[in-house]
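# Make a model of this:
(one chain, ligands or ions: 3)
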Amino acid sequence: MKIIMLGAPGAGKGTQAKQIAEKYHIPHISTGDIFRANIKNGTQLGKEAKKYMDQGMLVPDELTTNLLVDRIKNADCENGYVLDGFPRTIPQAECLDQALAKMDDAVDYAINVDVPDENIIRRMSGRRACLSCGATYHIQYHPPKADNTCDVCGSQLVLRDDDKPETVKKRLEVYHGQTQPLMDYYAAKNILIQVDGTQDIEKVFADIVQVLGE
Ligand code: ADP
Ligand code: ADP
Ligand code: ZN
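Residues are numbered from 1 along each chain as shown. Ligands and ions are numbered 1, 2, ... in the order given. Next up is the predicted model:
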């Protein structure tokens with residue numbers, strides 16, 4: 001099963017993708033997590049990506065696409081994967097389709113987690129991230145068991161630099177300009193699934209499972 005998560009920054013793509021990965025035994029691949037791991041480890045890729053991320057802009061297509069296409073060639077991707085945060089532009093989607101076509105393959109579902117802009121800023125200012133293992137929490141909607149500490153790995157949680165309101169505004173603009181057109185792209189292929197992302201985390205997941213099957 002090859003799944004793409006679509007939606008505004010903070011819509012809950014990562015939260016749902018983690019649950020999908022667990023239930024269907026496929027890897028969760030987040031380009032944002034890969035970039036953040038590279039930044040943390042001080043790699044060249046991380047230095048390059050950070051310049052764009054800090055401004056709420058997209059990392060250039062070529063860099064992102066090469067990274068992703070390499071990743072999905074790994075053995076753990078044989079039975080599928082859930083992509084979270086990729087593609088984010090039409091050229092990225094086209095490159096993914098071409099790479100898959102070469103392997104006689106295609107995306108099965110594009111799931112759009114629909115949340116209006118008004119809700120997004122509140123979601124983002126409450127988001128706390130673990131930069132060690134990629135887990136995410138929300139101070140109100142999905143709090144960690146111990147204050148500011150990752151349930152999974154015990155690391156200190158942070159408010160991401162790009163989750164500050166000024167940067168979130170910019171990211172929403174970028175989303176509407178460059179990523180939202182992907183909805184039409186996948187609708188035209190008849191694989192677009194719409195879910196109401198304003199519901200509880202559990203209800204959103206139940207709606208997704210209804211489509212993907214038990
Ligand atoms: P969110 O979880 O809020 O949607 P991500 O963690 O997916 O954010 O992405 C954080 C940042 O990483 C983006 O704002 C962008 O700068 C960069 N990024 C992640 N994925 C991509 C991509 N597919 N193309 C370009 N930039 C990306
Ligand atoms: P994305 O990957 O789309 O940027 P996340 O999955 O990181 O979004 O979710 C953004 C924030 O909102 C996180 O703090 C998360 O815990 C919280 N969140 C996710 N889904 C919901 C939901 N359905 N209701 C309330 N809060 C949510
Ligand atoms: Zn952690």
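# quick one: least confident helix or strand in this structure?
Counting by mean pLDDT, DSSP states H and E, the weakest-scoring helix or strand in the chain turns out to be helix 117-126, with a mean of 91.
# Now do the helix or strand following that one, average pLDDT.
With elements assigned by DSSP states H and E, the helix or strand that comes after helix 117-126 is strand 127-129. Averaged across strand 127-129, pLDDT comes to 96.
# Which element is encountered next along the chain beyond strand 127-129?
Assigned by DSSP H and E, the successor of strand 127-129 is strand 136-138.
# Mind listing what's buried along whatever helix or strand comes next after that next one?
Per DSSP H and E, strand 136-138 leads on to helix 165-174 as the next helix or strand towards the C-terminus. Going by neighbour count (16 or more other Cβ atoms under 10 Å), the buried part of helix 165-174 is 167-168, 171-172, 174. Yep, even glycine has a C-beta here, placed from its N, CA and C like the rest.
# likewise stretch 49-58?
For stretch 49-58, burial by neighbour count (16+ other Cβ under 10 Å) applies to 49-50, 52-53, 56-58.
# Using CSV, write out the CA atom coordinates for it.
Output of stretch 49-58 as CSV, limited to C-alpha atoms (Å, rounded to 0.1, in the frame of the first residue of the first chain):
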residue,chain,number,x,y,z
ALA,A,49,17.7,22.7,4.0
LYS,A,50,17.8,24.9,7.1
LYS,A,51,18.2,28.1,5.0
TYR,A,52,14.8,27.4,3.5
MET,A,53,13.0,25.8,6.5
ASP,A,54,13.8,28.7,8.9
GLN,A,55,12.0,31.1,6.5
GLY,A,56,9.0,28.9,6.1
MET,A,57,9.9,28.2,2.4
LEU,A,58,10.2,24.9,0.6
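# How about that stretch and ligand 1, touching?
Yes: applying Cβ under 6 Å from any ligand atom, one finds stretch 49-58 in contact with ligand 1 at 52-53, 57-58.
# Any chance you could list what contacts that stretch?
35, 38-39, 59-60, 63-64, 88-89, 161-162, 167-171, 174, 178 (Cβ atoms under 8 Å, 6 or more residues apart in numbering).
# what separates it from the chain centre, distance-wise?
15 Å (Cα atoms, centre = their mean, to the nearest Å).
# tell me which parts of the chain are close to ligand 3?
130, 132-133, 135, 150, 152-153, 155 (Cβ under 5 Å from the ion).
# Tell me where this protein has strands.
2-6, 28-30, 81-84, 109-114, 127-129, 136-138, 192-196 (DSSP state E).
# now those in JSON lines, with mean neighbour count and distance to ligand 1?
What follows is those, written out as JSON lines (neighbours: other Cβ atoms under 10 Å; distance: least, Cβ to the nearest ligand atom, whole Å):
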{"stretch": "strand 2-6", "mean neighbour count": "25", "distance to ligand 1": "9"}
{"stretch": "strand 28-30", "mean neighbour count": "21", "distance to ligand 1": "6"}
{"stretch": "strand 81-84", "mean neighbour count": "24", "distance to ligand 1": "7"}
{"stretch": "strand 109-114", "mean neighbour count": "22", "distance to ligand 1": "10"}
{"stretch": "strand 127-129", "mean neighbour count": "22", "distance to ligand 1": "8"}
{"stretch": "strand 136-138", "mean neighbour count": "20", "distance to ligand 1": "8"}
{"stretch": "strand 192-196", "mean neighbour count": "17", "distance to ligand 1": "16"}
